[in-house]
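Chemist: Quick one, fold the following:
(one chain, ligands or ions: 2)
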Amino acid sequence: MSDHRPSSPPESLDRIQGALLGVALADAWGAPHEGGPLEGLLWRMIGTRHGRWRWTDDTQMTFDVAASLAELGRIDQDDLALRFARSYRWSRGYGPGAARILKRIRRGEHWSSASRKVYTQGSFGNGAAMRAVPIGLFFAGQGTHTLITAAHCAAEITHAHPDGKEGAALIALVASLVFTGCSPSDIWAAIRAASWSPVVTEKLATAEQWLGAQQPIAPSIVARQLGRSITAAGSCPTAVYIALRHLREPFVDLLDFTRRVGGDVDTIGAMAGGLWGAARGLGALPMEYLAKLEDADRLVREASRFASACSVP
Ligand code: AR6
Ligand code: MG
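Modeler: Residues are numbered from 1 along each chain as shown. Ligands and ions are numbered 1, 2, ... in the order given. Predicted structure coming up:
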């Protein structure tokens, strides 16, 4: 499928690299700020690799999704499940449910049964949303229905719960909209046109109202009203708000705001950072931070490979 499509022109390449590196940078930057004292202590011990900021499961899974799409040109659930399972390392800070599912898949169990054994209804964590940015880039311009179906399929492997899938669809949709340069009013019109759960609908309406009125809402209010947890419903609207609020601001302001919101800082940051990067591109990311990111050169190369499989919307 991807064989017959033109590869990305330079500007799209920059945005695709920006999106994927935006995920990685915000993830690695945010990891030491996440969790309680125990997590903080652990991250002080293992939080750097060869002197560089270590990224976590958010980045690993995002690049797994991108590699699978680049190779196969579509969402292939079996391929994704095997990639996720092969890449799994406890030291990347995977969610407890996701870790158990991936270890089961690695032992040979099919993803469809493994994911339901851990939580009967599937996980409602934000672990499928945090890897959904490449889905938005790949399916941009192919219509909301196709994009949301793809996001749901990719989520289902580890996050079969409707909330887990919904978070992935929201992040993928917004990624496609900012990547294609939609105006804020077009972004909100497209978000409103899709169907979301009552809780997420209400949070998105709050975010739209705050942004429309250009109200400088304090991080503590964002945390209280939109959420800052590891659940999809309690973090994805927050990430969308943070990204859209900072689209014209420097990336470091987005990072600082995310830290002040608190909670699941690396994953909310990864989602917001990926959306920001899809709009602004690799060239707008802070070079001095990229220089400190683990494996940055390899990640840029992998993002280029992914970009050459994406169509130009
Ligand atoms: N029933 C009860 N609790 C649940 C359910 C459910 N159906 N689903 C989720 N939880 P998990 P993730 C709770 O483990 O979404 C990492 O740092 C349960 O407490 O699927 O992949 C990532 O980077 C479960 O442990 O993880 C993210 O920041 C938790 O939600 C974050 O963790 C998370 O679900 C979540 O990653
Ligand atoms: Mg995380």
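
Chemist: what residues does the stretch 201-313 of the chain put near ligand 1?
Modeler: In this structure, the stretch 201-313 of the chain approaches ligand 1 at residues Ile230, Asp264, Thr267, judged by CB under 6 Å from any ligand atom. Any C-beta I mention is one placed from the backbone N, CA and C, and that applies to glycine too.

Chemist: How about the stretch 1-150 of the chain?
Modeler: Checking the stretch 1-150 of the chain against ligand 1 by CB under 6 Å from any ligand atom, the hits are 56-58, 93-98, 119, 121, 123-127, 130.

Chemist: show me which of the residues of the stretch 201-313 of the chain next to ligand 1 neighbour ligand 2.
Modeler: Restricting these to those within reach of ligand 2 (CB under 5 Å from the ion) leaves Thr267.

Chemist: Scan the residues of the stretch 201-313 of the chain next to ligand 1 and report the most crowded one.
Modeler: If you count neighbours using other CB atoms under 10 Å, the busiest of those is Thr267, which has 33 neighbours.

Chemist: isn't that residue right up against Trp55?
Modeler: No - between Thr267 and Trp55 there is no contact under CB atoms under 8 Å: 11.5 Å.

Chemist: Report the set of residues contacting both of these two.
Modeler: Residues touching both Thr267 and Trp55 comprise Asp27, with contact defined as CB atoms under 8 Å, 6 or more residues apart in numbering.

Chemist: C-alpha coordinates for the helix of greatest length in the chain, CSV please?
Modeler: Here the longest helix in the chain is taken by residue count, with DSSP state H as the criterion, and it is helix 10-30. Taking only C-alpha atoms (Å, rounded to 0.1, in the frame of the first residue of the first chain), the coordinates of helix 10-30 have been written out as CSV:
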residue,chain,number,x,y,z
PRO,A,10,10.9,18.1,3.3
GLU,A,11,8.3,20.0,5.3
SER,A,12,6.3,16.9,6.1
LEU,A,13,9.5,15.1,6.9
ASP,A,14,10.4,17.8,9.4
ARG,A,15,6.9,17.6,11.0
ILE,A,16,7.0,13.8,11.2
GLN,A,17,10.4,13.8,12.8
GLY,A,18,9.3,16.6,15.1
ALA,A,19,6.2,14.6,16.1
LEU,A,20,8.2,11.4,17.0
LEU,A,21,11.1,13.2,18.6
GLY,A,22,8.6,15.4,20.4
VAL,A,23,7.1,12.3,22.0
ALA,A,24,10.6,11.0,23.0
LEU,A,25,11.9,14.3,24.3
ALA,A,26,8.9,15.1,26.5
ASP,A,27,8.8,11.5,27.7
ALA,A,28,12.5,11.4,28.7
TRP,A,29,12.4,14.9,30.2
GLY,A,30,9.2,14.1,32.1
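
Chemist: The helix or strand just after it - contacts with which helices or strands?
Modeler: Heading C-terminal from helix 10-30, the first helix or strand you meet, by DSSP states H and E, is helix 37-46. Counting by 3 or more CB pairs under 8 Å, 6 or more residues apart in numbering; DSSP states H and E, no packing neighbours are recorded for helix 37-46 among the helices and strands.

Chemist: Can you confirm whether helix 37-46 lies near ligand 2?
Modeler: No - remark: helix 37-46 sits outside contact range of ligand 2, by CB under 5 Å from the ion, the gap being at least 10.3 Å.

Chemist: and the residue of the stretch 201-313 of the chain found nearest ligand 2, what helix or strand is that in?
Modeler: Ranked by CB to the ion, the top residue of the stretch 201-313 of the chain for proximity to ligand 2 is Thr267, at 3.6 Å. Using DSSP H and E, the secondary-structure element containing Thr267 is helix 265-280.

Chemist: Ok, Gly164 next?
Modeler: For Gly164, the host element (DSSP H and E) is helix 162-179.

Chemist: near ligand 2, anything from that helix?
Modeler: No - in this structure, helix 162-179 remains apart from ligand 2 according to CB under 5 Å from the ion; the gap is never smaller than 12.9 Å.

Chemist: List only buried entries from the residues of the stretch 1-150 of the chain next to ligand 1.
Modeler: A residue is treated as buried here by neighbour count (16 or more other CB atoms under 10 Å); on that basis the buried members of these are 56-58, 93-95, 97-98, 119, 123-127, 130.

Chemist: Relative to Ser91, how far out is the closest residue to ligand 2 within the stretch 101-250 of the chain?
Modeler: Using CB to the ion, the single residue of the stretch 101-250 of the chain nearest to ligand 2 is Met130, 6.4 Å away. As defined by CB to CB, to the nearest Å, Met130 lies at a distance of 17 Å from Ser91.

Chemist: following the helix holding Gly164, which helix or strand shows up next?
Modeler: On the C-terminal side of helix 162-179, the nearest following helix or strand under DSSP H and E is helix 184-193.

Chemist: Now do that next one: which elements does it pack against?
Modeler: helix 162-179, helix 198-212, helix 236-245.
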